[in-house]
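Engineer: Pasting the sequence and the predicted coordinates here, then a few questions.
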Amino acid sequence: MNGIHDMGGMHGLGEIGYKESAPGYDEPWEVRLFALVQAMRTGGLRAYIEGIPAPDYLRMGYYERWYTALITRIIERGSVTLAEVDSGRADPASAKATPALTPEIARDLLSRSTKTEQDIELAPRFHVGDSVRGRNMNPATHTRMPRYTRGKTGVVERDRGVFDLPDIEQTSAEPKPQHVYLIRYAGRELWGEEAPPNDSLYIDMWEDYLEPA
């Protein structure tokens, strides 16, 4: 990572400011919000976060965006109404979850890890050692493909397995399972001749992001 940090222009971004002893949360409500999101199993909030108007997004803190996205999502799902959110009280006539979510159930949900790899047979388009190029794509919605890899050539180092393409998690009801590959990009391929010659960057890339080089 030092080589990447020292490349031309990169050090101008400043230090990350990581502190080993820093608390995970700045305020108690952030902990409660995180627990709510995990326990309610709301699904991805990324599309809702990215749908926040730019002026609001920029003035909000990290967990303020989570809160706004969560409220939008659960109202959309019909879990609560806007009136219930505004009042902070459940409508006595509203449908209730069965069984009710207890602290014990919530703790159990928080300790479960979600299995995202798909246990299906799907022929891979690429194999270890293949030279691939990042597609020049500019979708209107969210994508996990780094912009700086578009049009850049790398080598398949590993097949990670089959996972659903996250780009369409909120725009389509149909999952799109496909292979994910660990791609090695030479530093100079990404950042030019000023990059140290031995630097490489390894990135997990969904199959849809790639084409034969």
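Structural biologist: Good, I have the coordinates.
Engineer: Every contact and neighbour count from this point should use C-alpha atoms.
Structural biologist: OK.
Engineer: same for the biggest strand by length in the chain, what does it pack against?
Structural biologist: Using DSSP state E to define each element, the chain has its longest strand at strand 153-164. Contact analysis of strand 153-164 by 3 or more Cα pairs under 8 Å, 6 or more residues apart in numbering; DSSP states H and E lists strand 131-134, strand 177-186 as its packing neighbours.
Engineer: run the last query once more with 10 Å
Structural biologist: Judged by 3 or more Cα pairs under 10 Å, 6 or more residues apart in numbering; DSSP states H and E, the packing partners of strand 153-164 are strand 131-134, strand 177-186, helix 187-191, strand 200-206, strand 210-212.
Engineer: what's the closest of these to Leu36?
Structural biologist: Closest to Leu36 of these, according to Cα to Cα: strand 177-186, at 28.1 Å.
Engineer: what about dumping the CA coordinates of that closest one to PDB?
Structural biologist: C-alpha atoms of strand 177-186 as PDB (Å, rounded to 0.1, in the frame of the first residue of the first chain):
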ATOM      1  CA  PRO A 177     -25.900 -15.000 -10.400                       C
ATOM      2  CA  GLN A 178     -22.400 -15.000 -12.000                       C
ATOM      3  CA  HIS A 179     -18.800 -15.800 -11.300                       C
ATOM      4  CA  VAL A 180     -16.700 -13.200  -9.400                       C
ATOM      5  CA  TYR A 181     -13.000 -13.100 -10.200                       C
ATOM      6  CA  LEU A 182     -10.000 -11.800  -8.400                       C
ATOM      7  CA  ILE A 183      -8.200  -9.600 -11.000                       C
ATOM      8  CA  ARG A 184      -4.600  -8.400 -10.700                       C
ATOM      9  CA  TYR A 185      -4.000  -5.000 -12.200                       C
ATOM     10  CA  ALA A 186      -0.400  -3.700 -12.600                       C
END
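Engineer: Report the mean confidence score over that strand.
Structural biologist: Average pLDDT, strand 177-186: 96.
Engineer: could you give the angle of it to strand 200-206?
Structural biologist: Counting by axes from the mean of the first three to the mean of the last three Cα atoms, to 10 degrees, strand 177-186 lies at 170 degrees to strand 200-206.
Engineer: Can you list the buried residues in strand 177-186?
Structural biologist: Residues of strand 177-186 classed as buried under the neighbour-count rule (16 or more other Cα atoms under 10 Å) are 177-186.
Engineer: List the contacts of Pro175.
Structural biologist: Residues in contact with Pro175 (Cα atoms under 10 Å, 6 or more residues apart in numbering) are 163-169.
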